[in-house]
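*Asks:* based on what follows, work out the 3D shape:
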Amino acid sequence: MASVSDCLKSLRDRGECALIPFITAGDPDLETTAKALQILDKSGADLIELGVPYSDPLADGPVIQAAATRALQRGIKLEDVLHLVKTVGKEIKAPIILFTYYNPIYYRGANSFLKLVADAGVRGLVVPDLPLEEAQSLLKPASEIGIDVTLLIAPTSPEERIHAIAQQSQGFIYLVSVTGVTGMRSQVATRVEELLSTIRQTTDKPIGVGFGISTPEQAIQVKQWGADAVIVGSAFVKQLANGTPEQGLESIGKFCYSLKQAIL
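*Replies:* Predicted coordinates:
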């Protein structure tokens, strides 16, 4: 499994836009999550974002919140998620990026947490409630252990802050396309194009756009605006939860393939 940075660099060198699907670990169950990771890997996912269920997911919309709640009700813990990654990670090529809030990191201590996730095979971290001002405590030890910590840029961020975040973010820069929480939208805000241009003037790091992308047409639009990666979450989580686990797995496989074909 390549690093997040190396994977995105390789794709950029080939002129490809990366597809990064998101699913919630343990919804509907860990066995289905394991199968989902394998199916996404075979269906066009270049990297995979795996959400750790959390009781107060401030950045997540109703679809992902509901998935996290269902997983927590099943008793899914961080250790379960990491055991899953360690097992399935040996069978897939797509680097796994863990999406987690800061409390589990704080509870275990940054160094202990990073060792845990590195030992499991996690290659990247997205921590949506980690502000830039406090990020260094995680960025430095993560870099030393070989994990890319990707920071988020909000559409309301002033230019000076965009520059500061872009300089510090590892792996890629996560541009949030909407003001608010995750969720499917009917269209992608046109301000994304302007923000991509602003970030591009600051850094040559890859830029991924997420929050609100749910169709191949929207993925194409974001790619045409200059994104290096398209991140799709709620649409995958919703499809995986519909019907039986087998139906959900079939659905996300087809959806993943259609998205990747759209942005080739």
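
*Asks:* next one: the helix or strand harbouring residue 87 to chain centre, how far?
*Replies:* Per DSSP states H and E, residue 87 falls inside helix 78-88. Relative to its chain's centre, helix 78-88 lies at 17 Å (Cα atoms, centre = their mean, to the nearest Å).

*Asks:* against which helices or strands is the following helix or strand past it packed?
*Replies:* Going down the chain from helix 78-88, the next helix or strand is strand 96-99, by DSSP H and E. If you count contacts as 3 or more Cβ pairs under 8 Å, 6 or more residues apart in numbering; DSSP states H and E, strand 96-99 packs onto strand 48-51, helix 78-88, strand 124-126. Glycine gets a C-beta too; all of them are placed from N, C-alpha and C.

*Asks:* which parts of the host helix or strand of residue 144 are buried?
*Replies:* Element membership for residue 144 (DSSP H and E) is helix 136-145. With burial defined by 16 or more other Cβ atoms under 10 Å, the residues of helix 136-145 counted as buried are 138-139, 141-142.

*Asks:* next one: stretch 101-116
*Replies:* Applying 16+ other Cβ under 10 Å to stretch 101-116 flags 101-102, 104-105, 110, 113-114, 116 as buried.

*Asks:* which stretches of the protein have low pLDDT?
*Replies:* 59, 179-189 (pLDDT under 70).

*Asks:* which residues are in contact with the spatially most central residue of it?
*Replies:* With distances taken as Cα atoms, centre = their mean, residue 49 lies nearest the centre of the chain, 3.6 Å away. By Cβ atoms under 8 Å, 6 or more residues apart in numbering, the residues touching residue 49 are 20-23, 96-99, 126, 231, 233.

*Asks:* restricting to C-alpha, output stretch 152-167 in PDB.
*Replies:* Only the C-alpha atoms of stretch 152-167 are listed here, as PDB (Å, rounded to 0.1, in the frame of the first residue of the first chain):
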ATOM      1  CA  LEU A 152      -9.300  21.100   5.700                       C
ATOM      2  CA  ILE A 153      -9.900  24.500   4.100                       C
ATOM      3  CA  ALA A 154     -13.400  25.900   4.500                       C
ATOM      4  CA  PRO A 155     -15.000  27.900   1.800                       C
ATOM      5  CA  THR A 156     -15.200  30.900   4.200                       C
ATOM      6  CA  SER A 157     -11.400  30.800   5.000                       C
ATOM      7  CA  PRO A 158      -9.600  34.100   4.400                       C
ATOM      8  CA  GLU A 159      -6.700  34.100   1.900                       C
ATOM      9  CA  GLU A 160      -4.100  34.400   4.700                       C
ATOM     10  CA  ARG A 161      -5.500  31.300   6.400                       C
ATOM     11  CA  ILE A 162      -5.800  29.400   3.200                       C
ATOM     12  CA  HIS A 163      -2.000  30.000   2.600                       C
ATOM     13  CA  ALA A 164      -1.100  28.800   6.200                       C
ATOM     14  CA  ILE A 165      -3.200  25.700   6.000                       C
ATOM     15  CA  ALA A 166      -1.900  24.800   2.500                       C
ATOM     16  CA  GLN A 167       1.700  25.100   3.800                       C
END
